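>>> how would this look folded up:
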Amino acid sequence: MQRRDFKKRRPHIKEPKEFDEQVIQISRVTKVVKGGRRLRFRATVAIGNRKGKVGIGLGKSNEVTGAIQKAIAKAKKHMITVPLDGSTIPHDIKIKHKSSLILLLPAAPGTGIIAGGTIRKVLELTGVKDILSKSYGTTNKVNNTKGIFEALKRLKETPFMIARRASAKGKENIPEKSEDESKEKTKEKIEKPIKEKTETENKVEKKTEEPIKSEKTEEPEKAEKTEPAEGGPEKEPNQKV
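Coordinates of the predicted model:
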């Protein structure tokens, strides 16, 4: 019996996907032509990274897998970035798309996603965690997905969000002090007052070394001697005769 050499199979590691995918609906559609009816499949797919990017797409094919792949390719071409205020949307919005009417309201943290199946899937892929929503009118999944996508597209940042982001950027731009720089600055702070003290002491010593001049210590000017007259005795100045 010959031995077979079995190669060690390495485990196949799947690469993480850039976007999460969610199939919303798969339906059969027929197209009437001259020779009869053509049966195909239509897939409605939503993709997102759960951090503000989301997209939707519709694909048709003779097979289900082909329809899903086409829908994903279309969704990647039509991606939008949704401004999020933490875990909710920045403001309320009401939109009408064909026969569907959708209302979205921001909610406090911990509320959760209060939404139906179609709207819930799109909001989860967007990254919204707290929201209140209501859909009126039709229950058509395609119209509802298009309506929620249009509502998310029209969301805008509020002035409060812009101010908060600007303040956060200002804090990030301030460089952090390293340990060496902090030590050098502390040394400078300690050395400065010492230098000032030594300078003042030197000034005081210089002042003390200089001779103190006063009016009393000044020597009086010597009186000029007057020459005696001819034939007379010499007279000292300021002497009474």
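>>> ranges for the helices of the chain?
64-77, 117-126, 141-153, 159-173, 179-209 (DSSP state H).
>>> which elements pack onto the shortest one?
Using 3 or more C-beta pairs under 8 Å, 6 or more residues apart in numbering; DSSP states H and E as the contact criterion, the neighbours of helix 117-126 among helices and strands are strand 20-33, strand 36-48, strand 53-61, strand 113-114, strand 131-137, helix 141-153. The way it works is simple: take the backbone N, C-alpha and C, and place the C-beta from them, glycine included.
>>> now these in CSV, with mean pLDDT, mean neighbour count and distance to residue 81?
Below are the helices and strands packed on helix 117-126 laid out as CSV (pLDDT from 0 to 100; neighbours: other C-beta atoms under 10 Å; distance: least, C-beta to C-beta, whole Å):
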stretch, mean pLDDT, mean neighbour count, distance to residue 81
strand 20-33, 93, 12, 16
strand 36-48, 94, 18, 11
strand 53-61, 95, 20, 6
strand 113-114, 94, 17, 20
strand 131-137, 93, 17, 17
helix 141-153, 94, 21, 10
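>>> using JSON lines, lay out those together with distance to residue 68.
Formatted as JSON lines, the helices and strands packed on helix 117-126 follow (distance: least, C-beta to C-beta, whole Å):
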{"stretch": "strand 20-33", "distance to residue 68": "6"}
{"stretch": "strand 36-48", "distance to residue 68": "5"}
{"stretch": "strand 53-61", "distance to residue 68": "7"}
{"stretch": "strand 113-114", "distance to residue 68": "24"}
{"stretch": "strand 131-137", "distance to residue 68": "24"}
{"stretch": "helix 141-153", "distance to residue 68": "15"}
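>>> looking at these, which is closest to residue 124?
strand 113-114 (6.6 Å; C-beta to C-beta).
>>> okay, now the sheet partners of that closest one, with direction.
strand 131-137 (parallel) (DSSP bridges).
>>> and the partner strand with helix 141-153, angle?
140 degrees (axes from the mean of the first three to the mean of the last three C-alpha atoms, to 10 degrees).
>>> nearest to residue 69, of the helices and strands packed on helix 117-126?
Of all those, strand 53-61 comes closest under C-beta to C-beta, at 6.9 Å.
>>> who does that closest one touch, helix- and strand-wise?
Partner elements for strand 53-61 (3+ C-beta pairs under 8 Å, 6+ apart): strand 36-48, helix 64-77, strand 79-81, helix 117-126, helix 141-153.
>>> and with 10 Å instead?
Judged by 3 or more C-beta pairs under 10 Å, 6 or more residues apart in numbering; DSSP states H and E, the packing partners of strand 53-61 are strand 20-33, strand 36-48, helix 64-77, strand 79-81, helix 117-126, helix 141-153.
>>> pairing partners for the first one, with directions?
Sheet pairing of strand 20-33 (DSSP bridges) gives strand 36-48 (antiparallel).
>>> give the contact list for residue 28.
39-42, 64 (C-beta atoms under 10 Å, 6 or more residues apart in numbering).
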